[in-house]
Every structure is written in C-alpha cells, then in structure tokens.
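K.L.:
After the sequence you'll find the predicted model.
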Amino acid sequence: MSMDGKGETAADADPVRAYAGPVAHRRIKRIKLALFLSAMAACLSVSLIGGIAYAILNLFGNATGFGMFDPSRASLMGGVSAGFQMAAFNFIVFFFTVPAAWIALGLSIGRLPHRGISARRAYIRWGAIWGAVLVGGTTFGFGLFGGPMMAAGALVSGAAVGALAGAGCGLLFLAIVRPEAQLRDVDVSMF
C-alpha cells in the first residue's frame, strides 16, 4: 500500500526521479583548465588586437598625413593611439596580466556554471565587461601621464580592445567547459 492511497508509491510513479534526482552540489569539470587557457588567450588576444589596431591607425595616419595619431601628442587621438600601443605590448607583462585575468574570469564567468547558468550571452557579456575593465583601466592609468585627454583616449581604445578579447575568452571558456551539457546530464552512478 502506498502513502498517497492510490496503490503505488512515489518511487514507482517516477523511477528516474527516485533514483537519480537533481544533485545539489554537482561537480562541474574543466573549469580550472578553461580559466587558465582563457587567461592565456586573453593576454595573447589583447596583444594581437592592440597591435593590429595600432598598425591600421598608424597606416591611416601616415597615408592621410594627419599627425593627430601620434602617441606623443597629448590629444584624444594621441591617447587612442597610445592605448592601442600599450595593449599591443601586453605580452611583456604577462606575469601580471595572466593572473589578473585568471582571477577576474574566475570570480565572474568561473562561477556561472555552479549557479546553473548556461546561456551564451552571460559568458560573452561578463568576459567583455571584465576585459574592458582590466585593459581599459590599465591604459587609462598610464594615459594619465600624458594628461586627461590622452587618458580618455587611452581608456576608450583600451576598453574596446579588452571587450573584444574578453568576449572571445568568454566563448573559449564556454567551449571548454560546456556547462549546458554538464548541467543536463543526470548522475546515475550507483557507487
């Protein structure tokens, strides 16, 4: 006899739920690997994006004859050029940037799978936000040595480079961890 008076128990009605119900503390795999590779990719992609943007800006400045893209000028466009140049040399200080990116990504997108979030937008958004904050903040700080206009230009260009690189790192993290597949799988192990 059952407890609900209908002749079958709750375990008989839904054998999957009775045996392999949702796990409260699910272990998500490959997060540390994904964070490390994403931090390394962030350092490399910031350097590549910054270098390419600086080269394009420099070619455009030389082709048109405008001197406003000169990083030694304390202007807004000089700050943009200096921000791209600082981002291009990001790989030189990789021993600072990789751990900083690892910590920032670990405290943002590294926690999303444990909360059951598997939407692609969240990973791209938080990767872009933290990329813009880290790279834009660094270039803004160094741009202050040239004055407020140069700092503003460096902030804009550094934040743009960081947002692009961070969005890519969010996608890389999502591809490695695959939280949707890990959260959907039901644990049916008996031992």
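P.N.:
Everything's here; your move.
K.L.:
Centroid-nearest residue for the protein?
P.N.:
For the chain, the residue sitting closest to the mean C-alpha position, by Cα atoms, centre = their mean, is residue 127 at 2.4 Å.
K.L.:
Chain neighbours aside, what residue packs nearest to that one?
P.N.:
Closest residue to residue 127 in three dimensions, ignoring its sequence neighbours and counting by Cβ to Cβ, 6 or more residues apart in numbering: residue 170, at 2.7 Å. Where you see a C-beta, it was placed from the backbone N, CA and C, and this is true even at glycine.
K.L.:
Wait, the one you found touches residue 121, no?
P.N.:
No. Checked against Cβ atoms under 8 Å, the pair residue 170 and residue 121 is beyond contact range at 9.5 Å.
K.L.:
These two: which has the busier surroundings?
P.N.:
The residue with the greater number of neighbours, taking residue 170 and residue 121 and applying other Cβ atoms under 10 Å, is residue 170; the counts read 28 against 9.
K.L.:
just the helices in this protein please.
P.N.:
10-13, 15-19, 31-64, 76-88, 94-107, 120-143, 148-177, 179-184 (DSSP state H).
K.L.:
Go through those helices and find the least confident stretch.
P.N.:
Note on these: helix 15-19 shows the lowest mean pLDDT, a mean of 40.
K.L.:
wouldn't the residue nearest to the centre of the chain be in contact with residue 167 here?
P.N.:
Yes. Counting by Cβ under 8 Å, residue 167 is a contact partner of residue 127 at 5.5 Å.
K.L.:
who touches both of the two?
P.N.:
Listed contacts common to residue 127 and residue 167 are nil; contacts here mean Cβ atoms under 8 Å, 6 or more residues apart in numbering.
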